[in-house]
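Participant: Here is the input, now give the coordinates:
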Amino acid sequence: MTDDRFRLVGVRPQSPAAPVRRAPWYRGKPIFSAAVLTLIVLGCLFCEVLLTHDPTYLDLAHCNEAPSREFLFGTDPMGRDIFSMIWYGGRISLTIGVLSTLLSTAIAILFGTVSGCAPDWLDRLLMRLTEILLSVPNLLLVVLLQAILGTANVLTLSLVIGLTSWASIAKVVRTEVRRLRSSEYVLASRCMGGGFFHVLRQHLAPNFFSSISFMVVMNIRSAITAESTLSFLGIGLPIEVVSWGSMLSLSEKALLTDAWWIIVIPGVFLVATLLCITELANAMRRSTRERTL
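Facilitator: Numbering: from 1, shown residues only. As a prediction, this is how the structure comes out:
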């Protein structure tokens, strides 16, 4: 009404609600890290396109040469082109990271699901075993198993790292399974004759995988770090097998000859990859936390 005689006293007229501004879709997302990691991964996967020299060729006439037009990132003490080694060796390091993570994730899911569905006495026994494994430094277990297997290669390193990095994920899987095992759809599936792997694949894994996804991504980072550390210590991949870790194992010779590019350039690529993976994992953890709130 516009008549002043019917105006309500003491009530403020409500202003129209301001339009809600939505944050841009890229706000809080690791766009830069994802782009850098994608470029590095694509460069390693399709390294044949980028190679300027044979990464395994020992050109003894060009040892310890600084970066130049012919050798973009210089050469190592054996005359190998570091630019070509970066992309060729990165593929091996990433392969070890992915293979070991697939193995550790599979073990963690099976172990955690069995523990979560088991009786209380068996669950406590399995969790004590997990805590014992977590109390031992991971690097010591890797060195012990690798010493048992003998000479390191891509498969043995992936196996050793995968067998020693599943315990933390298994504890999270066990907690989620104990929360989900009494759900109506799980009980209904069991009543209809669904087996262990059917229930795991159809009902349990889709509900807990988001909780462990960031840990899976972080395991890739840990596996690459473990491979580099072992090679740096001289107990990883042989020096003739090109990887980021084996390239860093030449750091002692690089420091003695002031050939900084031998250690700095591979180190930059390795650190950049690890930082990008860490940023992506943190973004996945934030996203999971927001969905659960």
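Participant: Straight-line length of stretch 192-212, end to end?
Facilitator: Chord length of stretch 192-212, first to last residue, is 29 Å (C-alpha to C-alpha, to the nearest Å).
Participant: Ok, stretch 176-185 next?
Facilitator: Stretch 176-185: ends 15 Å apart by C-alpha to C-alpha.
Participant: And that stretch, what's buried?
Facilitator: 176, 177, 180, 181 (16 or more other C-beta atoms under 10 Å). (Glycine included, C-beta is placed from N, CA and C.)
Participant: The closest residue to residue 178 other than its chain neighbours: neighbour count?
Facilitator: Nearest residue to residue 178 in three dimensions, chain neighbours excluded: residue 116, at 4.6 Å (C-beta to C-beta, 6 or more residues apart in numbering). Residue 116 sits with 21 neighbouring residues when counted by other C-beta atoms under 10 Å.
Participant: In contact with residue 116, which residues are there?
Facilitator: 123, 173, 174, 175, 176, 177, 178, 181 (C-beta atoms under 8 Å, 6 or more residues apart in numbering).
Participant: before we move on, back to that, so which of the buried residues of stretch 176-185 belong to helices?
Facilitator: Using DSSP state H, 176, 177, 180 are the members of those that sit in helices.
Participant: you'd agree the last one is up against residue 206?
Facilitator: No. Distance between residue 180 and residue 206: 10.1 Å, which falls outside the contact criterion (C-beta atoms under 8 Å).
Participant: what's stretch 67-85 in contact with?
Facilitator: Here stretch 67-85 has contacts from 47, 50-66, 86, 242, 247, 250, 253-254, 257, 259, 261-262, 265-266, using C-beta under 8 Å, 6+ apart.
Participant: what about the stretch 1-150 of the chain, any weak spots by pLDDT?
Facilitator: 1-28 (pLDDT under 70).
Participant: Now with 80, please.
Facilitator: Applying pLDDT under 80 to the stretch 1-150 of the chain picks out residues 1-30, 59, 150.
Participant: tell me which element the residue nearest to residue 178 is part of?
Facilitator: Taking DSSP states H and E as the criterion, residue 116 maps to helix 82-117.
Participant: after that helix, next one along is what?
Facilitator: With elements assigned by DSSP H and E, the helix or strand that comes after helix 82-117 is helix 120-135.
Participant: relative orientation of that following helix and helix 82-117 in degrees?
Facilitator: Relative orientation of helix 120-135 versus helix 82-117 (axes from the mean of the first three to the mean of the last three C-alpha atoms, to 10 degrees): 160 degrees.
Participant: can you give me the offset of helix 120-135 from its chain's centre?
Facilitator: Remark: helix 120-135 is offset 25 Å from the chain centroid, using C-alpha atoms, centre = their mean, to the nearest Å.
Participant: got the contact list for residue 149?
Facilitator: Neighbouring residues of residue 149 by C-beta under 8 Å, 6+ apart: 156, 159, 160.
Participant: hmm, try it at 6 Å
Facilitator: Shown in contact with residue 149 (C-beta atoms under 6 Å, 6 or more residues apart in numbering): residue 156.
Participant: same thing with residue 126?
Facilitator: residue 115.
Participant: Now for residue 251: which residues touch it?
Facilitator: Each residue near residue 251 by C-beta under 6 Å, 6+ apart is listed here: residue 263.
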